[in-house]
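A.B. asks: What would the 3D arrangement of this be:
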Amino acid sequence: MSLIVGDRVEVEIGPVAHGGFCVARHDGQVLFVRHSLPGERVVAEVTEVGSGARFVRADAVEVLAAAPGRVPAPCVYAARCGGCDFQHVDLAHQRELKAAVVREQLQRLSGLEWPVVVEPVPGDIEGLRWRTRAEFAVSDDGEVGMRKHRSHDIVPIDDCLIASEAVVGTGVLQRDPNTIPDDLAAFDVVAPSVGEPLVVPIPRGAAPNPVPDVVETVDGIDGAFTVSARGFWQVHPGAASTFVAAALEGLAPEPGERALDLYSGVGVFAGALAAAVGPTGQVIAVESDETATRHAEANLAAYGNAVIVPARVDDAFGIPRAQKGPRRRGSRPRGATRHPLIPTSADLVLLDPPRTGAGAGVVRAIAALRPRAIAYVACDPAALARDLATFAQEGYAVRTLRAFDAFPMTHHVECVALLAPISLRMPKS
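C.D. replies: Below is the predicted model:
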C-alpha cells in the first residue's frame, strides 16, 4: 500500500541526493528524507506525496541508529525551519555530502568522472553567521520568521544562526507583532560591506518603491560596486572574492584580449576582467536586469574598455526563444537578431547563469566564438553537468573544477569550472 501524508515508517537511509535529502525505500516506494544521513536507520514521517505516488517526501523524526557525522543541531528551529538542510551534520561531513552530490550529478548527467572536493570559503564562523542578506517572512498575525520547507507556513524565530550578527542585530526578529503593518509580507535585511545594515519592508502583492541601493567591495578589485538592496549579490562575505580569484586564475587573462562576461549582474567579474586585459583589451558584459545594468554602467565607468549589453543572453546571441502559443503569420521569433555588440570571436568567456543554467543554445553560441578558455560559475550542479555535456559535444572539456561551500548548513554548493578546447586539454591536477 502506498504511503500517505502522516504515515511513519522505519527505513534504512541510502545515499545523499541533490536537494538536501537522502534516499530511502519502503515496499518499493522511494522516500526523500530530510534531516537524515546515509547509513542511518530512522523513523520517517511522510510530509508530501509526489506525482503518481511514485515517491514521497519525509522528515526523519526519530533516529534509531545514527551515522558518523551526526551532531546536535545548533539551531533550535532546525527541524521546523526550511532555511537549512544540514544543521544535524558535522561541518566537514557536510562538505563530503556536497562533494558526493556534485560527483554524482557530473557522472550521471555529463559522463564526467571528477574527484570533487568542497573547499571552505573564508568569512563564516564554524559554518554560522555568514549570511549578509536574508528575507524574513511576516505571518498574518504579524510574527516574523522563516517559511517551513516547501510550504507557505511561517515558523516564528527570534534568531537565525546562519545570518550575520549585523543582520540579526537590526532587531527585525524581535519586533512586536502589534507594531507591524497588516500589508507587510516580509522584511529584506541587508548587511553590506560598506555602511550600516538596511531593513527593506516588502508589501504584500507589490515590490517596495523605491528600493535603496547599497555599496559592496570585493577583495582584489579596486573600487566599489553599487547594487540594489534587493538585487543579486553573493550572500557569503567571502564568496565574491573567492569566485573571482578562482575564475581569473583559470582564465589567466592577458593584456589585449577580448572577454565576454555573460549574466554579468552589476559587473563584478567584468571589472576584474577589464583590469586584467587592460586598455588594449575589451570586456563585453551582458545582463538583462534593468536595475543591474544601470548599476553596472556606473560601476564600470572607470574602465574605458568595458561595455554593457542590456539584454538577455539568448537574445544577445540571436537565439530564438521558444514560441508560446501559435505564432502569427509573418511574425519573427523573439530574440532572433544578434546584438551588434556581440562579436563573432572571443578569447575568453565567463558565465554565471541562474540556477537553471545556460542551456544548450547559449552553450553552442559560446563554443562558436572559439574562446581559448571558458569559466563557468554555477550554483546548481545538475544544471552545470547538463551544460558541460553540451560543451563536450561542441569540443570543450573541463580543465579544472573547484567546488566551494558558500552556503554552510544548506545543501547548496557553488562550482567554478574551467574549460578549454579538447585539443588543448590539460591533465587533471
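
A.B. asks: Now do the buried residues in stretch 16-25.
C.D. replies: 16-18, 20-24 (16 or more other C-beta atoms under 10 Å). Backbone N, C-alpha and C define where each C-beta goes, glycine included.

A.B. asks: Please identify which pair of those lies farthest apart.
C.D. replies: H18 and A24 (15.5 Å; C-beta to C-beta).

A.B. asks: wait, doesn't R129 sit right on E165?
C.D. replies: Yes. Judged on C-beta atoms under 8 Å, R129 makes contact with E165 at a distance of 5.8 Å.

A.B. asks: In terms of helices and strands, where is A270?
C.D. replies: According to DSSP states H and E, A270 maps onto helix 268-277.

A.B. asks: name the helices or strands packed onto that helix?
C.D. replies: helix 239-251, strand 258-262, strand 282-287, strand 306-310, strand 348-351 (3 or more C-beta pairs under 8 Å, 6 or more residues apart in numbering; DSSP states H and E).

A.B. asks: need the ones you listed in TSV with distance to F269, mean pLDDT and mean neighbour count, can you?
C.D. replies: As requested, those are arranged in TSV below (distance: least, C-beta to C-beta, whole Å; pLDDT from 0 to 100; neighbours: other C-beta atoms under 10 Å):
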stretch	distance to F269	mean pLDDT	mean neighbour count
helix 239-251	6	98	22
strand 258-262	5	98	26
strand 282-287	8	98	26
strand 306-310	11	98	21
strand 348-351	5	98	26
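
A.B. asks: Reformat those as a markdown table; add distance to F317.
C.D. replies: Listed next are those as a markdown table, based on distance: least, C-beta to C-beta, whole Å:
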| stretch | distance to F317 |
| --- | --- |
| helix 239-251 | 20 |
| strand 258-262 | 9 |
| strand 282-287 | 9 |
| strand 306-310 | 10 |
| strand 348-351 | 11 |
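
A.B. asks: what about stretch 128-148, average pLDDT?
C.D. replies: Averaging pLDDT along stretch 128-148 yields 96.

A.B. asks: Buried residues, it. List them.
C.D. replies: 128-139, 142-147.

A.B. asks: again, but for stretch 209-223
C.D. replies: Applying a neighbour-count criterion of 16+ other C-beta under 10 Å, one finds 213-214, 216, 218, 221 buried in stretch 209-223.

A.B. asks: okay, now T179: neighbour count?
C.D. replies: 7 (other C-beta atoms under 10 Å).

A.B. asks: Next up, phi/psi of the closest residue to it other than its chain neighbours, please.
C.D. replies: Counting by C-beta to C-beta, 6 or more residues apart in numbering, G142 is the residue found nearest to T179 once chain neighbours are left out, at 7.8 Å. The phi/psi pair for G142 (degrees, to the nearest 10) reads phi 80, psi 10.

A.B. asks: same question, the one 5 residues further on
C.D. replies: Recorded main-chain torsions at R147 are phi -80, psi 150, according to degrees, to the nearest 10.

A.B. asks: my read: it touches E135, true?
C.D. replies: No. Using C-beta under 8 Å, R147 is not in contact with E135, being 9.4 Å away.

A.B. asks: Export the buried residues of stretch 16-25 to TSV and append columns for secondary structure, distance to V307 and pLDDT.
C.D. replies: Converted to TSV, the buried residues of stretch 16-25 look like this (DSSP: H, G, I helix; E, B strand; the rest coil; distance: C-beta to C-beta, whole Å; pLDDT from 0 to 100):
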residue	secondary structure	distance to V307	pLDDT
V16	strand	43	98
A17	strand	42	96
H18	coil	37	95
G20	coil	40	95
F21	strand	44	96
C22	strand	47	98
V23	strand	48	98
A24	strand	52	98
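
A.B. asks: Of the residues you listed, just say which sits nearest to C415.
C.D. replies: H18 (12.7 Å).

A.B. asks: low-scoring stretches of this protein, by residue?
C.D. replies: 323-335, 424-429 (pLDDT under 70).

A.B. asks: for it, what spans make up the helices?
C.D. replies: Assigned by DSSP state H, the helices in the chain fall at 91-110, 165-168, 239-251, 268-277, 290-299, 313-316, 360-368, 381-393.

A.B. asks: Put together JSON lines for the ones you listed, with distance to I4 on each row.
C.D. replies: Formatted as JSON lines, the helices of the chain follow (distance: least, C-beta to C-beta, whole Å):
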{"stretch": "helix 91-110", "distance to I4": "29"}
{"stretch": "helix 165-168", "distance to I4": "39"}
{"stretch": "helix 239-251", "distance to I4": "41"}
{"stretch": "helix 268-277", "distance to I4": "48"}
{"stretch": "helix 290-299", "distance to I4": "45"}
{"stretch": "helix 313-316", "distance to I4": "42"}
{"stretch": "helix 360-368", "distance to I4": "39"}
{"stretch": "helix 381-393", "distance to I4": "29"}
